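1. what shape does this take:
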Amino acid sequence: MRTRQLFLVIVLVMAVTSLVFAGGEPETVELDFMHSKSHLGEQYRGLCDEFEKVNPNIKVTDEVLGGSTDWQTILKGRFAAGEGHDVFNIEGLAQYELWKENIADLTGEPFTKTAVPSALAALNINGRQYGMPVNFEGYGYIYNKDIFADAGISSLPTSHSELAAVAQKLKGSGYTAFGTGYATWWVIALHMQNVAFAQQDNPLQFMEDLTSGKASIADNKVFQDLQDLVDLTVEYGEENPLTTDHNQQIQLLANEDVAIIQQGVWKEVPIFKANPDINISLIPLLINDDPKMDRIPVGVPWYFVVNSRSTPEEQEAGKKFLDFMANSDVGKRYAVEEFGFIPAFKGVSGEGLGGVGQGILAYAQEDKTIPWVFGQWPDGYAQQDAFNNLQAYVAGKQSWADTLEALDESWQKRSK
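-> Numbers count the residues shown, from 1 in each chain. Below is the predicted model of the structure:
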């Protein structure tokens, strides 16, 4: 009898012990995180480390796919091979359509309560939320204020003619005006071209009309005038516009080898890292002399999404990570102080933004902005066809008329 009682006690102790250990040591979840902010790789790794401190059962593997690489093609290959990331970024509605079979519904997640409503709009589809906005961004021509002052430029250009006069004045004072960066596809084919699309009276209707054949790029005045801006930057730019990429632009500006580069707020951190004392701000890309050109593109460039084909545990970890980025004190601090982001969330101070960020805020406060519409371009249009044709024009291998006709052909082919 005593032996039986002892046996039961031992069994009970073993059962309780196993429950304690099972409940006390939760299984580690591996979270595969991808982003395309190549210049913020170190900072994002720091944020991942901070997340792991408060979530010790989640280990984040982060990978950067960005910069000059065609990260979208790489991402397609990863998913096709069954190696999709648990959390990854996409650009907007067009890429949602491309990836929607792999995107989880995030309706009701904490970030939906704290995000600026307009920042959620692009990935709010039929009342359901499918992505978390990363930040607001703006871009244009980042210029060195001290060089402008040294060249006697006392007023900022608001038209193409005035921008041309600035370039001439800089050259007369011994400065190279532009660092072009046209070796990077998104500089010339995405961001510069976006201005021509966004400066249409109704950009969305214009794109619909391109698809239906009611409009053409070749016959559009803004696109015709864009030639003047490209020509100006090449004439008054560095010697090798087709071999200078976005990273070399930063060095050219930081070293004061050029006065102006076409870039955005995302480059402010590396610019100040290269030259902490540089004095910079922002002006628009001025295609012609229409007064409405004095506006800058501002929008939500990226959304983080969760892979619907990840395991339930990985999806839950991904949602926790999004909440940490958006709403924790650490995440808020990283957004502004480490990333240099213009916050897309309420209650996050923009204090501490540099000259470019402050310039964007000033244009936004004056309601002098245009949208980012490239998230709704056909897949492959910009990074492949437009890039190749715009580079061919800069290289002198084809006329501007032929370039615009090639853009029309690409749009028709890829929008079907």
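2. give me the low-pLDDT residue ranges for the stretch 251-400 of the chain?
-> Counting by pLDDT under 70, the stretch 251-400 of the chain contains low-confidence ranges at 350.
3. can you give me phi and psi for Phe136?
-> Dihedral pair for Phe136: phi -90, psi 140, per degrees, to the nearest 10.
4. oops, could you answer that again for Asp32 instead?
-> As for Asp32, its main-chain torsions (degrees, to the nearest 10) stand at phi -100, psi 110.
5. and it, how many neighbours does it have?
-> Applying other C-beta atoms under 10 Å, we find 20 residues neighbouring Asp32. C-betas here are computed from N, CA, C, even on glycine.
6. equivalent analysis for Tyr143, please.
-> Per other C-beta under 10 Å, the neighbour tally for Tyr143 reads 28.
7. give me every residue that touches it.
-> Residues in contact with Tyr143 (C-beta atoms under 8 Å, 6 or more residues apart in numbering) are Ala259, Ile260, Ile280, Ser281, Leu282, Ile283.
8. pull the residues that contact stretch 272-281.
-> Residues from elsewhere that reach stretch 272-281 (C-beta under 8 Å, 6+ apart): 142-146, 250-251, 253-256, 268, 271, 354-356, 358-359.
9. chain center to that stretch, what's the gap?
-> Relative to its parent chain, stretch 272-281 has a centroid offset of 21 Å by C-alpha atoms, centre = their mean, to the nearest Å.
10. just the buried residues of it, please?
-> Going by neighbour count (16 or more other C-beta atoms under 10 Å), the buried part of stretch 272-281 is Phe272, Asn275, Ile278, Ile280, Ser281.
11. may I ask which two of those residues are separated the most?
-> Spatial extent of the buried residues of stretch 272-281 (C-beta to C-beta) is set by the pair Asn275 and Ser281 at 14.6 Å.
12. measure the residue nearest to the spatial centre of the chain to Ile360 for me?
-> Nearest to the mean C-alpha position of the chain, by C-alpha atoms, centre = their mean, lies Pro301 at 4.3 Å. Here the criterion is C-beta to C-beta, to the nearest Å. By it, Pro301 lies 13 Å from Ile360.
13. what's the answer for Gln72, then?
-> For Gln72, the distance to Ile360 - C-beta to C-beta - is 26 Å.
14. same question, Ala177
-> Applying C-beta to C-beta, the value for Ala177 to Ile360 is 22 Å.
15. Phe304 now?
-> 21 Å.
16. neighbour count: those two, which is higher?
-> More neighbours surround Ile360 than the other of Phe304 and Ile360, with 26 against 22 (other C-beta under 10 Å).
17. isn't that one right next to Phe341, touching?
-> No. Contact criterion C-beta atoms under 8 Å: Ile360 and Phe341 do not qualify, at 11.0 Å.
18. name the SS class of Ile153, please.
-> coil (DSSP: H, G, I helix; E, B strand; the rest coil).
19. now swap in the one 10 residues further on and tell me
-> Secondary structure of Leu163, reduced to three states by three-state DSSP: helix.
20. quick one: terminal-to-terminal distance for stretch 114-128?
-> Stretch 114-128 has an end-to-end distance of 16 Å (C-alpha to C-alpha, to the nearest Å).
21. equivalent analysis for stretch 140-153, please.
-> Stretch 140-153 end-to-end distance (C-alpha to C-alpha) = 18 Å.
22. now do the buried residues in it.
-> Residues of stretch 140-153 classed as buried: Gly140, Tyr141, Ile142, Tyr143, Asn144, Ile147, Phe148, Ala151, Ile153 (neighbour count, 16+ other C-beta under 10 Å).
23. quick one: that stretch to chain centroid distance?
-> From the chain centre to the centre of stretch 140-153 is a distance of 25 Å (C-alpha atoms, centre = their mean).
24. cool, stretch 265-282 as well?
-> 17 Å.
25. straight-line length of that stretch, end to end?
-> In stretch 265-282, first residue to last residue: 9 Å (C-alpha to C-alpha).
26. any low-confidence regions in the stretch 101-250 of the chain?
-> For the stretch 101-250 of the chain, applying pLDDT under 70 flags no range at all.
27. would you map the strands across it?
-> Secondary structure of the stretch 101-250 of the chain by DSSP state E, counting those that start in this stretch: the strands cover 124-125, 128-129, 132-133, 137-144, 176-179.
28. so what touches the helix or strand following the last one?
-> With elements assigned by DSSP states H and E, the helix or strand that comes after strand 176-179 is helix 185. Helix 185 is contacted from outside by Ser68, Asp70, Ala382, Gln383, Phe387, using C-beta under 8 Å, 6+ apart.
29. now the buried members of those residues.
-> The neighbour-count test (16+ other C-beta under 10 Å) marks Ala382, Gln383, Phe387 as buried among these.
30. closest to Val195 among these?
-> Ala382 (13.0 Å).
31. where's the closest one relative to Leu204, distance?
-> Distance of Ala382 to Leu204, computed by C-beta to C-beta: 17 Å.
32. just the C-alphas of the stretch of helix or strand Leu407 belongs to, formatted as CSV.
-> Here Leu407 is covered by helix 400-414, with elements defined by DSSP H and E. What follows is helix 400-414 as a C-alpha-only set of coordinates in CSV (Å, rounded to 0.1, in the frame of the first residue of the first chain):
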residue,chain,number,x,y,z
TRP,A,400,13.5,62.2,-76.4
ALA,A,401,10.5,61.6,-78.8
ASP,A,402,11.6,57.9,-79.2
THR,A,403,12.1,57.6,-75.4
LEU,A,404,8.5,58.8,-74.7
GLU,A,405,7.1,56.5,-77.4
ALA,A,406,9.0,53.6,-75.7
LEU,A,407,7.4,54.5,-72.4
ASP,A,408,4.0,54.4,-74.0
GLU,A,409,4.7,51.0,-75.5
SER,A,410,5.9,49.7,-72.1
TRP,A,411,2.9,51.0,-70.3
GLN,A,412,0.5,49.3,-72.8
LYS,A,413,2.4,46.0,-72.7
ARG,A,414,2.7,45.8,-68.9
